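A.B. asks: Curious how this folds, go ahead:
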Amino acid sequence: MLQKLLLISAAGALGTLARYGLAGLVQRNSGTFFPCGTLAVNAVGCLIAGLLWTLCEYRLQISGSTRAIFFVGFLGAFTTFSTFILETGGMINDSEYMRAGLNILLQNTLGIIAFFAGVFAGRIF
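C.D. replies: Numbering: from 1, shown residues only. All right, here's what the predicted structure looks like:
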């Protein structure tokens, strides 16, 4: 049990570092005040989740413990619902309702599209 927890923690640390790097890179290069970095990490995380889920279900024999390392550890730390809510709440607090609505629409729509793109890719492999 301790080994499993340590592996989930290590995967979480990697997910956090990957999120920090990707979100920062995208946000710096977007040239906008819109939270493109958060949008990017959540969309990429959904793509990876769809791909891994499909591979785990249909292609590979992966134990529940190993799945927890990927899904709970890495992806749980990589994706960020709380930052999405914090940024959207800030927009609403600043009366930027259109921007907040666009963020909600894009986060959810791109997340679902990315997830099913990952599922599709997993079925090809």
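
A.B. asks: Could you look up the SS state of the residue with the largest distance to the centre of the chain?
C.D. replies: In terms of distance from the mean C-alpha position of the chain, residue 95 ranks first, at 26.9 Å (CA atoms, centre = their mean). Classification of residue 95 using DSSP: H, G, I helix; E, B strand; the rest coil returns coil.

A.B. asks: quick one, what contacts the residue lying closest to residue 55 once chain neighbours are set aside?
C.D. replies: Spatial nearest neighbour of residue 55, excluding adjacent residues (CB to CB, 6 or more residues apart in numbering): residue 122 at 4.9 Å. Every residue, glycine included, has its C-beta placed from N, CA and C. With contact taken as CB atoms under 8 Å, 6 or more residues apart in numbering, residue 122 is in contact with 50-55, 58-59.

A.B. asks: for the residues you listed, which one is nearest residue 83?
C.D. replies: Among the contacts of residue 122, residue 50 lies closest to residue 83 (CB to CB), at 20.8 Å.

A.B. asks: how many other residues sit next to the closest one?
C.D. replies: Applying other CB atoms under 10 Å, we find 22 residues neighbouring residue 50.

A.B. asks: Can you say which helix or strand has the nearest residue to it once chain neighbours are set aside in it?
C.D. replies: With CB to CB, 6+ apart as the criterion, residue 50 has its nearest non-adjacent residue at 2.5 Å, and that residue is residue 118. Counting by DSSP states H and E, the element that carries residue 118 is helix 97-124.

A.B. asks: chain center to stretch 30-42, what's the gap?
C.D. replies: On the basis of CA atoms, centre = their mean, to the nearest Å, stretch 30-42 sits 13 Å off its chain's mean C-alpha point.

A.B. asks: Straight-line length of that stretch, end to end?
C.D. replies: 16 Å (CA to CA, to the nearest Å).
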